[in-house]
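> Need the 3D shape of this:
(2 chains)
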Amino acid sequence: MTVNENVKKLLIIIITLLAAQTAYAQLEIEIISGNPGALPIAIVPFQWQEAGPPPVASVDEIVSGDLYRSGLFKPMDAADMVERPVDEESIRFGTWRLLKVDYIVVGSVRTPTDGSGHELIYQLFDVHTQERLLSQVTTVGPGDLRFGAHRVADAIYKALTGVPGAFSTRIAYITATGLGPDQRYELVVADADGFGPQSVVGSPEPLLSPAWSPDGKKLAYVSFEKGNSAIYMQDVATGSRELISSGRGINGAPSFSPDGRKMALTLSKSGNPEIYVREMATGRLTQLTQHWAIDTEAVWSPDGRHIYFTSDRGGRPQIYRVAPAGGSPERVTLEGEYNARASIAPDGRRIAVAYGRGNEYRIAVWDIETERFTILTPGVLDESPSFAPNGSMVLYATREGNRGVLSAVSSDGSVRQRLILSEGDVREPAWSPVIR
Amino acid sequence: MKTTWRLTLALMIALALTACQTTPKPEPVEPTSEPEPTPEVETAPAPDPHDFTDSRNFDNPESLLSKRVIYFDFDKSTVRPEYRGIVSAHAAYAAAHSSSRITLEGHADERGTREYNLGLAERRGNAVDGLMSAQGARGSQLVVVSYGEERPTCRVSDEDCWSLNRRVEVVYTAR
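The predicted structure follows:
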């Protein structure tokens, strides 16, 4: 690397660290439409058994918040709890039946015997049958109490819905603030509940298309900092990054394979945008599409057997898929005028797309088996869908007045939430994989 | 407020770009009553606005060479007939000045997905590139860069603004 590149790299690391210290406006989450069938549940404040003072945001508040935002639960306000049991023996189920809750969670937080971190001990009961559904201890390292609370929410969610929770995951998104010479773009990573946003990279030039590596440690993205689009891959924790592609023409739409060894990307160096697959270890490129159309927005299926992509080879954008080893692409979306930017559900059976009709763009889910669309959002400028790693929700970008905001919708469309950043324009969300 | 100002400015630029005739300026009149010939004015002769090899025409609003933006229809990348004159003017300049270098910046409006719009905007840049190359510009003189929807000139979600964002800008990096 030249001296210049090294200096730039150092500057970027310094700037990233400085930016991380800056106070960021947090995402506020607000339910827009709710689910009348939401399960009433009481998360009783956990007993704090550690020597130090309890945190500002208590475990029960974090768990209640997670379950509330899923749209499937109606957590009881702690202020309304006339009793505060901490274990099975201290629960008087009659009281809770009168309070009209169906489920109750009790627990405590203590320091593990080896002296560091936190131990969350908790139990979940069915109030009507008094049956114990869950009894668990979750241990986390120091500083990870919030993460531990999210794991508790994951376990409760799974016990009551059968679906693994996605609360202990993260989201990445792009913010754009200012105008003209003051314009600033940031790639931000936050917990899935919006807590603790950290800037991964900032630039006066546009950033787009963040994509998580399957181990949740890296983000690939497109940056215009060199004057033309270029693809970078950056380690989220350390900030160190690698230039993946900066050739002539478009360098766009990076997407990791499920095993992390390959990356699909879009290059137009041959004269029009085509999908390529890059072997990460060697940098070797294999061209996957060969057509005068715009072929872009490649994503891998979770089983690694297909690459889905957007192509206008039929006239207007539709979703196609092709085997990663190559072959003839087949068309996937069989209805609609404009379907682009697929996000594949973890079960591989559904894809969320930006669905365009006239001037209106919505998020719709195409079921590959039944070959039907379900429209999830009202539009009118909705785009960039990203499935939660448990398939229960879709995060997407929309506009509210003059501003870009993120929203999340349950995969059946019944519950929608808006995530509000206090300033600027938010776009291009990407939900991280589950991190173990 | 800023958005309105920018929109107004953008609209003013758009109006300025439409070809319009200007009335010739009246000559200065001598204050004396005697019929004397008007004095020589000490300025160089104005460049012929149709001489697209004359670099003075870059700043001459009467010349197509001063027009740097080509606009497109929704979802289309064909250069409309009313913009072909501008393309030809720049092609003629490039052909006459082999050391000139031009970046054709392609743009799209905000509708649709960002990466697809990178492709659409590039198609527009390529369309201008193709026309210029056919009219004498050399391939090495032209570079197409796509910004997709990422560099809008206005940020209102209506057709007036969208039509201003669907464009190719002719940017000289060397004259």
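> Locate the residue of chain A with the greatest distance from its centre.
Largest separation from the mean C-alpha position in chain A: residue A:94, at 39.7 Å (Cα atoms, centre = their mean).
> Please tell me how far that one sits from residue A:128.
11 Å (Cβ to Cβ, to the nearest Å). C-betas here are computed from N, CA, C, even on glycine.
> Equivalent analysis for residue B:62, please.
85 Å.
> Of those two, which one has the most company?
Per other Cβ atoms under 10 Å in any protein chain shown, whichever of residue B:62 and residue A:128 has more neighbours is residue B:62, with 16 against 12.
> What helix or strand is that one located in?
Applying DSSP states H and E as the criterion places residue B:62 outside every helix and strand.
> who touches the spatially closest residue to it that is not a sequence neighbour in this structure?
If the residues on either side of it in the chain are set aside, residue B:62 comes closest to residue B:49, at 4.2 Å by Cβ to Cβ, 6 or more residues apart in numbering or on different chains. Residues in contact with residue B:49 (Cβ atoms under 8 Å, 6 or more residues apart in numbering or on different chains) are B:57, B:60, B:62-64.
> Just the pLDDT for the residue nearest to residue A:139 when sequence neighbours are not counted.
Leaving aside its sequence neighbours, residue A:139 sits nearest to residue A:119 (Cβ to Cβ, 6+ apart; 5.2 Å). pLDDT recorded at residue A:119 is 96.
> Dihedrals phi and psi, residue A:119?
phi -120, psi 120 (degrees, to the nearest 10).
> could you measure it against residue A:148, distance?
9 Å.
> Tell me if residue B:131 really is in a helix.
Yes - counting by DSSP: H, G, I helix; E, B strand; the rest coil, residue B:131 is located in a helix.
> returning to that earlier point: what about the residue nearest to residue A:139, how many residues nearby?
17.
> for the residue of chain A found nearest chain B, what are its contacts?
In chain A, the residue that lies nearest chain B is residue A:294 (3.4 Å; Cβ to the nearest Cβ). Residues in contact with residue A:294, defined by Cβ under 8 Å, 6+ apart, are A:272-273, A:310-312, A:317, B:116, B:119-120, B:123.
> any idea which of the residues you listed is closest to residue A:70?
Set against residue A:70, the nearest of these by Cβ to Cβ is residue A:310 (29.8 Å).
> partners of the strand or helix carrying the closest one in the sheet?
Secondary structure assignment for residue A:310, by DSSP H and E: strand A:307-311. Using DSSP bridges, the strands paired with strand A:307-311 in its sheet are strand A:295-300 (antiparallel), strand A:318-322 (antiparallel).
> Now render those strands as CSV, adding mean neighbour count and mean pLDDT.
Below are these laid out as CSV (neighbours: other Cβ atoms under 10 Å in any protein chain shown; pLDDT from 0 to 100):
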stretch, mean neighbour count, mean pLDDT
strand A:295-300, 27, 98
strand A:318-322, 23, 98
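> a markdown table please, covering those strands and showing distance to residue A:358.
Below are the strands paired with strand A:307-311 laid out as a markdown table (distance: least, Cβ to Cβ, whole Å):
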| stretch | distance to residue A:358 |
| --- | --- |
| strand A:295-300 | 21 |
| strand A:318-322 | 17 |
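> re the thing from before, where's the residue nearest to residue B:62 relative to residue A:406, distance?
51 Å.
> Spell out which residues of the stretch 151-300 of chain A are next to chain B.
Listed as neighbours of chain B in the stretch 151-300 of chain A under the rule Cβ under 8 Å from any Cβ of the partner chain: A:179, A:206, A:208-209, A:224, A:227-229, A:248-250, A:252-253, A:266, A:268, A:272-273, A:294, A:296-297.
> 10 Å - rerun?
A:174, A:176, A:179-180, A:183, A:185, A:205-209, A:222, A:224, A:227-229, A:248-254, A:266, A:268, A:271-273, A:293-298 (Cβ under 10 Å from any Cβ of the partner chain).
> which ones among the residues you listed are found in helices?
Among those, no member falls in helices (DSSP state H).
> From the residues you listed, list the buried ones, please.
Those of these that meet the buried threshold are A:174, A:176, A:185, A:205-209, A:222, A:224, A:228-229, A:249-254, A:266, A:268, A:272-273, A:293-298, by 16 or more other Cβ atoms under 10 Å in any protein chain shown.
> Return the helix or strand in chain B with minimum mean pLDDT.
helix B:2-17 (a mean of 54; mean pLDDT, DSSP states H and E).
> immediately after that helix, which helix or strand?
Following helix B:2-17 in sequence order, the next helix or strand is strand B:69-71 (DSSP H and E).
> So which elements touch whichever helix or strand comes after that following strand?
Per DSSP H and E, the first helix or strand lying C-terminal to strand B:69-71 is helix B:81-96. Judged by 3 or more Cβ pairs under 10 Å, 6 or more residues apart in numbering or on different chains; DSSP states H and E, the packing partners of helix B:81-96 are strand B:69-71, strand B:101-106, helix B:114-134, strand B:142-146, strand B:167-174.
> Serialize the ones you listed to a markdown table and add fields for mean neighbour count.
Listed next are the helices and strands packed on helix B:81-96 as a markdown table, based on neighbours: other Cβ atoms under 10 Å in any protein chain shown:
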| stretch | mean neighbour count |
| --- | --- |
| strand B:69-71 | 20 |
| strand B:101-106 | 22 |
| helix B:114-134 | 24 |
| strand B:142-146 | 23 |
| strand B:167-174 | 18 |
